[in-house]
Each structure stands twice: as C-alpha cells, then as structure tokens.
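Visitor: what follows is a protein structure lacking sequence information:
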C-alpha cells in the first residue's frame with residue numbers, strides 16, 4: 001500500500017495514527033504493570049482496565065455530538081496535548097516517589113475520556129483529505145497502523161520499557177503524543193465548524209438523540225452498526241479465555257500464547273492490507289458477508305481441533321476477517337453518513353464495539369465454566385453464520 005500516492009496530508013495523518021496507537025499500546029501494557037508493582041490485589045490491578053474502558057460506556061455517545069460541533073483538527077490536538085500533560089504529571093510523581101494507585105486510576109480514566117473524543121474525531125478526519133475513491137485504501141492503511149501499534153508493537157515494547165525503568169513507558173508515550181499533536185495540527189485547515197450557539201452545553205443531549213434517531217431510520221447503517229457490534233461480541237466472548245485454551249486444549253507452554261497472539265495480529269494486518277483490493281474485486285456486500293462467514297469458519301476450526309497449525313490457521317482467519325470488516329465497514333459508514341453527522345454515527349458504532357469487551361468477557365467466563373473452554377468459541381459459529389445471512393439480505397441491492 002503506497003502511502004505517498006494518497007498525498008502528504010494523508011501521510012501525516014497515517015504517521016500520527018501510527019504513533020498515537022503505538023503510545024496507546026505502550027501505556028495499556030505499562031499501567032497494569034505499574035498497578036501490580038503497587039499492589040498484589042487482583043481487584044486493584046483489574047481496576048486499571050475498568051478505569052480505562054469505562055469512559056466509552058459513560059461518554060462515548062456524547063463524544064460524537066461534541067466532535068460534530070467543533071473543528072476536529074483542533075479538538076484532536078487539544079486532547080493530545082491534555083494527555084501529554086497528564087502523563088507528565090504521572091512521570092513526575094513516579095520520579096519523585098509520590099505516585100499512588102489513585103493517581104494511576106485517574107490517569108487511566110482521563111486518558112480513556114480523551115480517547116473517546118480523539119478516536120471519534122480521528123474517524124472524521126480522513127474523508128476531507130482523500131478522494132472518495134481512495135477511502136478504502138486510505139482506511140486500510142490507518143487500520144493497519146492501529147493494529148500494529150495497539151496489538152503487535154506497543155504492548156511488548158511497553159512491557160520492555162517498564163522493565164528498564166518504571167517511568168520510561170509513560171515518558172515515551174508522552175513524547176509520541178506531543179509529536180502526534182504537532183502532526184495533526186499541521187493538517188490542512190478544512191475542518192472548521194460554525195461557532196456553537198449560546199447554551200450549546202445544554203443541547204449535547206439533543207444533538208446525540210438527533211444522531212441516534214437518524215441512525216435508527218437508516219436501514220443499512222443501522223444494520224452495519226448492529227452487525228459490527230455482534231461481530232465484536234462474538235470475538236470478545238472467547239478471546240479472554242484464549243490463554244486457558246492454549247494451555248489446556250492445545251497443551252502448549254506459556255510462551256506459545258504470545259506467539260499465537262502474534263499470529264492473530266499478523267492476520268489482522270493482512271486483512272487491513274488486502275481489504276481495499278477485496279472490496280474492489282467482489283464489492284462491499286460480498287466482502288462484508290464473506291468476513292462473517294470466514295470468522296465463523298475460523299472459530300469452528302478453533303473449537304473442533306487440538307492441532308496447533310489448525311488452531312493458528314483459524315486464529316489468523318478470524319483476525320484477518322475482522323481486519324477486512326473494519327476497513328470495509330468504516331469506509332461504507334463514511335460514504336453513507338453526511339459530514340455533519342459523521343462524528344455521532346462513528347461514536348455510536350465505536351461505543352457499541354467497545355461495550356462488547358466487558359459483556360463478552362463475563363459471558364465467556366460463565367459459558368466456559370458451565371460447558372468447557374471450547375463452548376465460548378463454538379457459540380459464535382451459528383451467530384456469525386446468521387449475521388452473514390442478514391448482512392447479505394440487507395446489502396445485496398447495493399453491491
């Protein structure tokens with residue numbers, strides 16, 4: 001995927017996305033390690049993840065209304081600068097020896113709030129910077145930057161940096177965010193919005209309801225958001241117990257878990273890389289339907305095998321399908337949504353996807369306890385197959 005053919009503005013957005021997600025991956029690995037260094041209580045350590053993820057449930061839908069009202073470029077820059085300052089406070093506290101678990105929670109929560117605004121704003125930055133015909137290819141590059149930073153490079157780098165020095169991952173994260181803020185601010189000034197009218201704060205609820213009502217009336221986008229949430233839920237049900245699956249079903253040592261996660265990340269990268277070509281050759285309807293079928297097949301392979309190569313192939317298939325889906329669905333959402341509503345529709349989609357993580361983890365644990373470790377994987381097969389049928393029937397008239 002040649003980034004240069006999409007223009008210098010896109011190249012800066014891609015680099016900002018890569019650095020931002022690299023920093024997020026570093027921080028996501030380092031914060032639990034920091035909590036574990038402060039307390040051996042599992043509940044205290046798990047609280048970091050709760051603090052970081054809960055903003056999506058609390059503020060995710062409202063983030064879209066805010067993004068649709070203000071200049072996304074300036075808003076994204078402001079959020080990144082604020083997160084730099086938060087990380088500087090944490091670095092200073094660690095260096096001076098007065099960091100507490102409360103501060104760790106506060107940083108995780110505040111950065112999570114920033115992510116709801118930033119991720120929603122970032123989803124609206126792309127369309128004005130590239131031609132409509134290039135949206136799928138441009139989204140593929142951004143999705144790969146997200147996967148590589150958040151899943152493949154960031155977490156192991158964060159763990160390594162924490163091992164070198166406790167403050168190092170947070171200092172690196174702050175440095176990358178400072179550069180990201182500069183890159184985003186350097187984008188062309190094509191995102192200006194009208195100044196919000198007086199009393200705007202009281203109308204965030206109204207703006208959010210307007211966006212949700214519009215989404216509820218749009219048959220194709222409504223289906224796209226619901227199917228995307230179902231896809232993410234089926235993935236979230238089995239992924240948290242995958243470490244036990246590797247140990248007890250595949251009978252592999254602990255290091256193999258990390259290796260298989262790498263296989264999944266590579267599958268996701270391949271999906272993001274091939275997504276534009278796939279959708280252009282077979283069309284968006286076949287691509288979206290095929291993703292759900294491929295994910296169902298991959299989960300069936302995982303559920304019915306004890307063979308490591310077959311399990312790796314199934315994992316790569318599900319991850320690759322999710323990569324293609326992410327690009328194809330994001331591109332379709334950008335094309336079908338009016339610019340003035342894109343923030344709200346994007347935040348609704350992302351909020352649903354983010355909300356599946358805790359729900360899926362709880363459901364997967366309960367299902368595995370009652371019916372075994374392969375049951376959470378197997379349950380997604382009929383659900384994804386049914387979703388594929390609904391997807392085909394919903395989008396078949398539109399290519």
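Guide: Thanks, I have it. This is a predicted model, so every value here is computed, not measured. Numbers count the residues shown, from 1 in each chain.
Visitor: CA atoms for contacts and neighbours, from now on please.
Guide: OK.
Visitor: flag the shaky bits of the stretch 201-350 of the chain, pLDDT-wise.
Guide: 201-202 (pLDDT under 70).
Visitor: and the strands in it?
Guide: Taking DSSP state E, counting those that start in this stretch as the criterion, the stretch 201-350 of the chain carries no strands.
Visitor: domains for this structure, by residue range?
Guide: 1-138+146-189, 202-399 (automatic domain parsing).
Visitor: in CSV, list the ones you listed along with mean neighbour count.
Guide: Putting these into CSV (neighbours: other CA atoms under 10 Å) gives the following:
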stretch, mean neighbour count
domain 1-138+146-189, 20
domain 202-399, 20
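Visitor: tell me who's in contact with residue 59.
Guide: 113, 116 (CA atoms under 8 Å, 6 or more residues apart in numbering).
Visitor: same check, this time on the one 5 residues further on
Guide: Residue 64 makes contacts with 117, 120-121, 208, 342-348, as judged by CA under 8 Å, 6+ apart.
Visitor: check the gap between it and residue 210 for me.
Guide: Separation of residue 64 from residue 210 (CA to CA, to the nearest Å): 11 Å.
Visitor: can you check residue 352 too?
Guide: Residue 352 sits 17 Å away from residue 210, going by CA to CA.
Visitor: do the same with residue 74
Guide: Residue 74 sits 24 Å away from residue 210, taking CA to CA as the criterion.
Visitor: could you do residue 108 as well?
Guide: In terms of CA to CA, residue 108 sits 31 Å off from residue 210.
Visitor: now do residue 138
Guide: Applying CA to CA to residue 138 and residue 210 gives a distance of 29 Å.
Visitor: please apply the same query to residue 60.
Guide: Distance from residue 60 to residue 210, by CA to CA: 15 Å.
Visitor: what helices and strands are in contact with the helix or strand hosting residue 89?
Guide: Using DSSP states H and E, residue 89 sits in helix 72-96. Applying 3 or more CA pairs under 8 Å, 6 or more residues apart in numbering; DSSP states H and E, we find helix 72-96 packed against helix 101-125, helix 168-185.
Visitor: which stretch in the ones you listed has the least confidence?
Guide: Ranked by mean pLDDT, the helices and strands packed on helix 72-96 bottom out at helix 101-125, which scores a mean of 91.
Visitor: now for that one, which elements pack on it?
Guide: helix 8-38, helix 42-69, helix 72-96, helix 342-371.
Visitor: now those in a markdown table, with distance to residue 174?
Guide: Below are these laid out as a markdown table (distance: least, CA to CA, whole Å):
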| stretch | distance to residue 174 |
| --- | --- |
| helix 8-38 | 8 |
| helix 42-69 | 17 |
| helix 72-96 | 5 |
| helix 342-371 | 24 |
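Visitor: out of those, which gets nearest to residue 134?
Guide: Judged by CA to CA, the one of these that comes nearest to residue 134 is helix 8-38, at 10.9 Å.
Visitor: from the contact counts, what lies against the closest one?
Guide: Using 3+ CA pairs under 8 Å, 6+ apart: helix 8-38 touches helix 42-69, helix 101-125, helix 135-147, helix 154-164, helix 168-185.
Visitor: which one of these lies closest to residue 220?
Guide: If we rank the helices and strands packed on helix 8-38 by CA to CA, the stretch that ends up nearest is helix 135-147, at 17.9 Å.
Visitor: what mean pLDDT does the closest one have?
Guide: Per-residue scores along helix 135-147 average to 91.
Visitor: need the contact partners of it.
Guide: Contacts of helix 135-147 (CA under 8 Å, 6+ apart): 1, 3, 6, 10, 14, 17-18, 21-22, 126-127, 130, 265, 268-269, 272-276, 323, 326-328, 330-331.
Visitor: in helices, which of these fall?
Guide: 10, 14, 17-18, 21-22, 265, 268-269, 272-276, 323, 326-328, 330-331 (DSSP state H).
Visitor: just to revisit the earlier point, quick one: closest of the helices and strands packed on helix 101-125 to residue 161.
Guide: That would be helix 8-38 among the helices and strands packed on helix 101-125, by CA to CA, at 8.2 Å.
Visitor: please state the offset of that closest one from the chain centre?
Guide: 12 Å (CA atoms, centre = their mean, to the nearest Å).
Visitor: relative to helix 168-185, how tilted is it?
Guide: Calculated by axes from the mean of the first three to the mean of the last three CA atoms, to 10 degrees, helix 8-38 forms an angle of 160 degrees with helix 168-185.
Visitor: report the angle between the axes of helix 8-38 and helix 72-96?
Guide: 30 degrees.
Visitor: what angle do helix 8-38 and helix 42-69 make?
Guide: 160 degrees.
Visitor: tell me the mean pLDDT over helix 8-38?
Guide: For helix 8-38, mean pLDDT rounds to 92.
Visitor: what do you get for stretch 370-383?
Guide: 92.
Visitor: what does that stretch rub up against?
Guide: Residues contacting stretch 370-383 (CA under 8 Å, 6+ apart): 234-235, 237-238, 241, 244-245, 249, 295-297, 299-300, 302-304, 364, 367-368.
Visitor: do that again at 7 Å, thanks
Guide: 234, 237-238, 245, 296, 299-300, 303, 364, 367-368 (CA atoms under 7 Å, 6 or more residues apart in numbering).
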